[in-house]
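A.B. asks: Fold the following.
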Amino acid sequence: MSADAPTPGNRWLDVTGGTRGPSYAARFRELAEQGRDLHGEARFCDALLPRGGRVLDAGCGTGRVAVELARLGHKTVGVDIDVSMLAEARAAAPELTWVTGDLATLAPRAVDGPDTFDLAVAAGNVMVYLTPGTEARAVATLAACVRPHGGLVVAGFAVDGGESGTPLTADAYEAACAAAGLTRVARYAGWDREPWDSTGHYGVFVHRRD
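C.D. replies: Take a look at the predicted model:
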C-alpha cells in the first residue's frame, strides 16, 4: 500500500538518506542476541489495549513494536516514510500491513480508514524527526485514526530533540494534542512508567480522543 509521497525536508530522511533500514535491523538483532529487552514500548501499549485491539504503529521503522504487539494478539498496521525501514518490516512480518507515508499528509483511509484504531503509537523519537512545522498536523492525523470516545494516542520522544537536534517540548506537544481533540491521560519519563520529570530529557505521553 502507498500513501502520499514524502514531504521534502523530512528530518529523518535528511539525516539518514532513507537508507538506514538494513543497519537498523542488524543493530536490533544484535541487541536481541545479547538478551536486551526490546519490547518496553509494546508492553506499555499492550497494557492499555483491549484483547485483540487494533493498533497503528506510526513511524514503525523496521516494525519492532508492531510485530511484538501482533505476537501479543493485536491487529497491527505500520506506517513509515522510510522505504528502507519498511522493507525490513515486510521481510520480518509479511503477513502484516505496512504503509508508506508521511504522518503529516497521510490520509486515514490509507491505513484502513478513520476512527478504526484503539491506539496509535509513535515510539522511537518519531515526533522529533518529522518535517519541520508539521508536528501538529501529524498529531491530528493520529487523532483522526483512533476511535472517538476512548481511542488513545501514545508518543514517546526526547523532548530535548536528542540526536535530531530539534527539541519538542512537552507543552508544545500537548498543545497540539489539545488542538486535535485529545485529552491527557498520563505522562511519564519513560516506557516503564517512570514518574514525569519536567526537567528530564524524555517523555511518554498518553492522550485520549474525546
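
A.B. asks: What residues of the lowest-mean-pLDDT helix or strand in the chain count as buried?
C.D. replies: The weakest-scoring helix or strand in the chain, judged by mean pLDDT, DSSP states H and E, is helix 21-33 (a mean of 81). Residues of helix 21-33 classed as buried: Gly21, Tyr24, Ala25 (neighbour count, 16 or more other Cβ atoms under 10 Å). Where you see a C-beta, it was placed from the backbone N, CA and C, and this is true even at glycine.

A.B. asks: tell me how far whichever strand or helix holds Trp98 is from the chain's mean position?
C.D. replies: Using DSSP states H and E, Trp98 sits within strand 97-100. Distance of strand 97-100 from the chain centroid (Cα atoms, centre = their mean, to the nearest Å) equals 13 Å.

A.B. asks: ditto for stretch 105-117
C.D. replies: The answer for stretch 105-117 is 14 Å, by Cα atoms, centre = their mean.

A.B. asks: start to end distance for it?
C.D. replies: Start and end residues of stretch 105-117 are separated by 18 Å (Cα to Cα, to the nearest Å).

A.B. asks: Give the buried residues for that stretch.
C.D. replies: Of the residues in stretch 105-117, those buried (16+ other Cβ under 10 Å) are Thr105, Leu106, Pro108, Ala110, Val111, Asp112, Pro114, Thr116, Phe117.

A.B. asks: Pipe the residues you listed into a markdown table and attach secondary structure, distance to Tyr129 and pLDDT per row.
C.D. replies: Compiled in a markdown table, the buried residues of stretch 105-117 are given as follows (DSSP: H, G, I helix; E, B strand; the rest coil; distance: Cβ to Cβ, whole Å; pLDDT from 0 to 100):
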| residue | secondary structure | distance to Tyr129 | pLDDT |
| --- | --- | --- | --- |
| Thr105 | coil | 15 | 91 |
| Leu106 | coil | 15 | 91 |
| Pro108 | helix | 21 | 88 |
| Ala110 | helix | 20 | 89 |
| Val111 | helix | 19 | 89 |
| Asp112 | coil | 24 | 86 |
| Pro114 | coil | 24 | 85 |
| Thr116 | coil | 25 | 93 |
| Phe117 | strand | 21 | 97 |
